[in-house]
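**Q** Next come a sequence and a model predicted from it.
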Amino acid sequence: MTDRDTSGPAPADEDGPERRPEGGPERRIDIAGDAGGPVVAGDHNVVIDAQHGSTVTLLMEGRRPRPVRRDRVALLPRRQNAPLGRDTDLARLATAVRDGGPVQLWGAPGVGKSTLLRHAARTLTPERDGVLFLDAARREPEDLAQDMFEACYETRGYAPSSPELRRLMTGVRVTVYVDNADFSPEGLRTLMDAAPDATFVVAGRDRSLLGDGTALRLDGIGRAPALDLLARELGRPVGAGAEGSTAGDLWETSSGRPLLLLRAAALTRLEPAGTGALPRPAEVGDLLPLLLGRLDDEPLRVLRLLTTLDDADLDIGHIEALGGATDTEVLCGRLVDLGLAEQTQRGYRAVADVVPALRERDPEPFSVEVLCEHFATWIGRPATTAAQVEQHGRALEVVAELAERDGRPELAVRIVRAASPALARSLRFGVWGRLLDLGLPAAQLAGDRRAVAYFTHEQGIRSLLTGRRVMAAVLLTEAAVLWRRLGDVHGANAAAGAHQYVPSHAANAQGTLLQPDGGASRLASSGPTAPDPSTAHAAGAHGTAAHPSGTTTDPGTTAHTTAAQHTTATAHTTATTHTTATAHTAAAPHAANAGAAKAGAAKTGAAKAGAAKAGAAKAGAAKAGAAAHSAGAAHAGASAATGAAGTGAAGAGAAGAGAAGAGASMAGASVVLKVVAVIVAVVVGRVVISQAVHSFAESRSGSSSSSSSSDTGLAGRWTGSDGATYEFDASGGGYVSRGRDACGQESNTEYTGIGDTYSAERPIYDTTSGSCTDLLGEATTTITLTGGDSAKVTTTMTKTYQQGVQCFSCGTFYLTRER
């Protein structure tokens, strides 16, 4: 594929894209995404800086790039043999595509989905504007949407915002084939909404296409085509008599899956000439070990490299440099013929079930040090483009994971630090984010303070560019603090400069932020006080707090809080309306279920000025979210003059099982086990929540006590399956819910989305110290309208910035609109 555009964006024109005149020659496109200078994402100019963190400025009025529409697109898969026994399936697929799609092929691994999809992409009549074939393996819908945009438009260094992308892609009539599209229904919807007039044909393991469209289950091929496949792979007809009977039994035992039949024929070919016999049907389950046992050293070494990289693609140049084979292209082709590897648009990768089989046979992985050195050197070469780095993003991700798992976090930092600028320039923000998510905890483990600042900064820039404004505000503020502590004025100014482009209401939603002196400052906020929506049913204790009848709250706020009036909460943490809040740090199972156990840090009970100030000591391995039983932890009295365990402190509301108060005494021990609770957006006790909700309800009474019958989308009041009441106000293209964040501060949560799905991201703090000074990760709450008056709310923990952080209470509940 050729024709990489190097001309840069066309002159600015806000009226719409130009279109190349009709009648020109058909052009094939290489999706590039490379840019040596500044790139444009949405309304932002971005200058990528590999040392001090990227800088952002707003586009000047009228200077948005104007991409030029291509007259026709032809991005096709590689040629291959026509699939056998698929005439009926191809006809059904053609009918569904002709009806306008979307269409989903789904079925078990090895059944032939990819083969049929590739054949369809090359043979079926495409839409008016052409055809695209994309591989979605380990890629985000947003990155695939950028692929589509760059294939359909001549552009460089420009990633339009989601609304602008939909505007540009409206009217583009292409047929888009997407292999390995193992997305959730929401992920599929995100991808398809990016090109409203395209016809999508996707293939994946499970059925996830809901509503409109056609889902076609693909089963194994019939007996006759199975025998034809065996004959084609053997290079001779299948014999009559015993061999024919064995072949029929193989077809039945394999359920007609072409991959298993191909491996059976391959094993037969490996026998000495003239002596090969088809394996017995009972050996179908042992085909992989038998095949691996027949390989020579060279193919085994290459296959070991591919399986070390798990499901990542690797192009032939890297395989040649790392595998040490004499004729790498031929060798990889042989592995494909044996059914052990597959050729992709980007190179080669191991077939999924080969990875565990080879690791069981040869558990020693390929050298992590060799991989890190090779890729870091390759990324640093001037000839290596951002597009090439992005194409190997999954391989780099696996290498970084292996380095950290091997106890070499500094190697992971080196890989991510090298790759980050190129991934940013590629404008594939999904893979960029995944690498940054690996780099930050690795830098913390390695004690690399500069890398911690850099990765935090770049995550903030990425959040700003992708419209996640609350997280951008949090991360950029923290980055500025980290840079200042390092004495890096350039980095601090870059973070502060980017922070000014965070809308004020998003900045107000972030709660407590670190200040240059290491302290914390509460930001002013607007809007009524009430719990924040983005964390009800998010991470937190395993006990569910009931909501007071008739109160108004928010889908992300209070469902898994821990303290209640006269009620013992999880992790034995109780809060009352009296003057004492007690924290009983007793059993490990309770502590483990109380949220995200963060490596069980133990505190010494040193009371000063009426507060327990922690020393630090490790309390054993709680890496998996479990904490040791702290039998000696006694009830620790704490003044509750300001409410149940204070404002935003974890003592009352989070499963911070080691919050010791002033004068706390330990029965024979001076150590209190600290278990970090992950309560997204609210970590105050139910007493405080009830008061806040009551205030919120009173502040709105008389003005919006019930929904208007004309409310649409999320607007209006809803009753949750948890018994709570939730309220949303329309704002621009999304909805805003007002409440309190994790630090007890008033905030606005903005839900944005497409069609019937809206989501909001919020930071997760360690609040056991009583302030938000330790960012642990992020959680996402997604609300999907399932009917005019019903909705599904799902909260998931999407990112962790430190080791040992897990979400035990993420989950789903439902809303019904009040009329």
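**A** Now that the structure is in, tell me what you want to look at. Residues are numbered from 1 along each chain as shown.
**Q** Chain neighbours aside, what residue packs nearest to residue 190?
**A** When the adjacent residues along the chain are set aside, residue 190 lies closest to residue 141, with 4.3 Å between them (C-beta to C-beta, 6 or more residues apart in numbering). Heads up, the C-betas are built off the backbone N, CA and C, glycines and all.
**Q** Burial check on the one you found, number of neighbours?
**A** 22 (other C-beta atoms under 10 Å).
**Q** what about residue 406, distance to residue 301?
**A** Between residue 406 and residue 301 the computed distance is 20 Å (C-beta to C-beta, to the nearest Å).
**Q** Which secondary structure state does residue 306 sit in?
**A** Taking DSSP: H, G, I helix; E, B strand; the rest coil as the rule, one finds residue 306 in the helix state.
**Q** pLDDT value on the residue nearest to it when sequence neighbours are not counted, please?
**A** Counting by C-beta to C-beta, 6+ apart, residue 350 is the residue found nearest to residue 306 once chain neighbours are left out, at 4.1 Å. Note for residue 350: predicted pLDDT of 95.
**Q** same thing with residue 466?
**A** Reported pLDDT for residue 466: 91.
**Q** Next up, the contacts around the nearest residue in space to it that is not next to it in sequence.
**A** Leaving out its chain neighbours, the residue that sits closest to residue 466 by C-beta to C-beta, 6+ apart is residue 429, at 5.4 Å. Contact partners of residue 429, counting by C-beta atoms under 8 Å, 6 or more residues apart in numbering, are 41, 142-143, 159, 462, 465-466.
**Q** make it 10 Å
**A** Residues near residue 429 by C-beta atoms under 10 Å, 6 or more residues apart in numbering: 41, 140, 142-143, 146, 159, 423, 436, 461-463, 465-466.
**Q** from these, which is closest to residue 206?
**A** Residue 206 has its nearest neighbour among the contacts of residue 429 in residue 140, at 17.9 Å by C-beta to C-beta.
**Q** The closest one: neighbouring residues, count only.
**A** 19.
**Q** Then residue 92?
**A** Neighbours of residue 92 (other C-beta under 10 Å): 16.
**Q** Check the secondary structure at it for me.
**A** Using three-state DSSP, the structure places residue 92 in helix.
**Q** How about it, nearest residue that isn't a chain neighbour?
**A** Nearest residue to residue 92, sequence neighbours excluded (C-beta to C-beta, 6+ apart): residue 216, at 5.9 Å.
**Q** Could you report the pLDDT at the one you found?
**A** At residue 216, the model reports a pLDDT of 94.
**Q** Sheet partners, orientation included, of whichever strand or helix holds it?
**A** Per DSSP states H and E: residue 216 is located in strand 214-217. Partner strands for strand 214-217, per DSSP bridges, with pairing direction: strand 103-106 (parallel).
**Q** which helices and strands sit right next to the helix or strand following the partner strand?
**A** Once strand 103-106 ends, the next helix or strand along the chain (criterion: DSSP H and E) is helix 113-123. Here helix 113-123 touches helix 87-98, strand 103-106, strand 130-135, strand 175-179, strand 199-204, helix 258-269, going by 3 or more C-beta pairs under 10 Å, 6 or more residues apart in numbering; DSSP states H and E.
**Q** The fifth one vs helix 87-98, what angle?
**A** It stands for strand 199-204. The directions of strand 199-204 and helix 87-98 differ by 140 degrees, with axes from the mean of the first three to the mean of the last three C-alpha atoms, to 10 degrees as the criterion.
**Q** Name the member of the contacts of residue 429 with the most neighbours.
**A** residue 461 (30 neighbours).
**Q** what sits against that residue?
**A** Neighbour list for residue 461: 41, 44, 46, 48-49, 53-56, 424, 429, 432, 436, 472, 475-476, 479, 494-495, 498 [criterion: C-beta under 10 Å, 6+ apart].
**Q** Recalculate using a threshold of 8 Å.
**A** 46, 53-54, 56, 424, 472, 476, 498.
**Q** got it, and residue 392?
**A** Contact analysis of residue 392 by C-beta under 8 Å, 6+ apart lists 312-315, 318, 346, 375.
**Q** low-scoring stretches of the stretch 1-150 of the chain, by residue?
**A** The stretch 1-150 of the chain contains residues with pLDDT under 70 at 1-37, 61-62.
**Q** circling back: would you mind measuring from the residue nearest to residue 466 to residue 733?
**A** Using C-beta to C-beta, residue 429 is found at 20 Å from residue 733.
**Q** Repeat that for residue 374.
**A** 45 Å.
**Q** do residue 778 as well
**A** Using C-beta to C-beta, residue 778 is found at 22 Å from residue 733.
**Q** At which residues are the helices of the stretch 401-550 of the chain located?
**A** In the stretch 401-550 of the chain, the helices defined using DSSP state H, counting those that start in this stretch lie at 409-426, 429-446, 449-465, 469-486, 489-499, 504-508.
**Q** List the contacts of the strand holding residue 216.
**A** Applying C-beta under 8 Å, 6+ apart, the contact partners of strand 214-217 are 89, 92-93, 96, 99, 101-107, 207, 209.
**Q** go with 7 Å
**A** Strand 214-217 is contacted from outside by 92-93, 96, 103-107, 207, 209, using C-beta atoms under 7 Å, 6 or more residues apart in numbering.
**Q** after it comes which helix or strand?
**A** Where DSSP H and E defines the elements, the next helix or strand beyond strand 214-217 is helix 223-234.
**Q** coming back round to it: most neighbours per residue, which of the helices and strands packed on helix 113-123?
**A** Neighbour counts (mean count of other C-beta atoms under 10 Å) averaged over each of the helices and strands packed on helix 113-123 peak at strand 175-179, with a mean of 27.
**Q** which other helices and strands contact the next helix or strand after that strand?
**A** Next helix or strand after strand 175-179 toward the C-terminus (DSSP H and E): helix 185-193. In terms of contacts (3 or more C-beta pairs under 7 Å, 6 or more residues apart in numbering; DSSP states H and E), helix 185-193 is packed against helix 141-152.
**Q** out of the contacts of residue 461, who's nearest residue 336?
**A** If you rank the contacts of residue 461 by distance to residue 336 using C-beta to C-beta, residue 424 comes first, at 33.8 Å.
**Q** got a list of what the closest residue to that closest one other than its chain neighbours touches?
**A** Spatial nearest neighbour of residue 424, excluding adjacent residues (C-beta to C-beta, 6+ apart): residue 48 at 4.9 Å. The contact partners of residue 48, by C-beta under 7 Å, 6+ apart, come to 54, 421, 424-425.
**Q** rewinding a little: which one's more surrounded, residue 778 and residue 733?
**A** Just comparing residue 778 and residue 733: by other C-beta under 10 Å the higher neighbour count belongs to residue 778, 24 against 12.
**Q** Taking helix 185-193 as reference, get the angle to the host helix or strand of the more buried one.
**A** Residue 778 is located in strand 775-787, with elements delineated by DSSP H and E. Going by the same axes, to 10 degrees, strand 775-787 is angled at 80 degrees with respect to helix 185-193.
**Q** Partner strands of strand 775-787 and their direction?
**A** According to DSSP bridges, strand 775-787 forms sheet pairs with strand 757-765 (antiparallel), strand 790-800 (antiparallel).
**Q** Comparing those strands, which comes out most buried?
**A** Sorting those by mean neighbours (by mean count of other C-beta under 10 Å), the first place falls to strand 757-765, with a mean of 26.
**Q** where does the stretch 451-600 of the chain dip in pLDDT?
**A** For the stretch 451-600 of the chain, the stretches with pLDDT under 70 are 504-600.
**Q** give me that answer again for 50
**A** 509-552, 557-600 (pLDDT under 50).
**Q** before we move on, what about the stretch 151-300 of the chain?
**A** Counting by pLDDT under 50, the stretch 151-300 of the chain contains no low-confidence segment.
**Q** go again using 80 as the cut-off
**A** By pLDDT under 80, the low-scoring segments of the stretch 151-300 of the chain are 211-212, 272-276.
**Q** cool, and the stretch 701-819 of the chain?
**A** Within the stretch 701-819 of the chain, the segments meeting pLDDT under 80 span 701-712, 721-724, 731-733, 738-748, 753-755, 762-777, 787-788, 799-810, 819.
**Q** Understood, closing this out.
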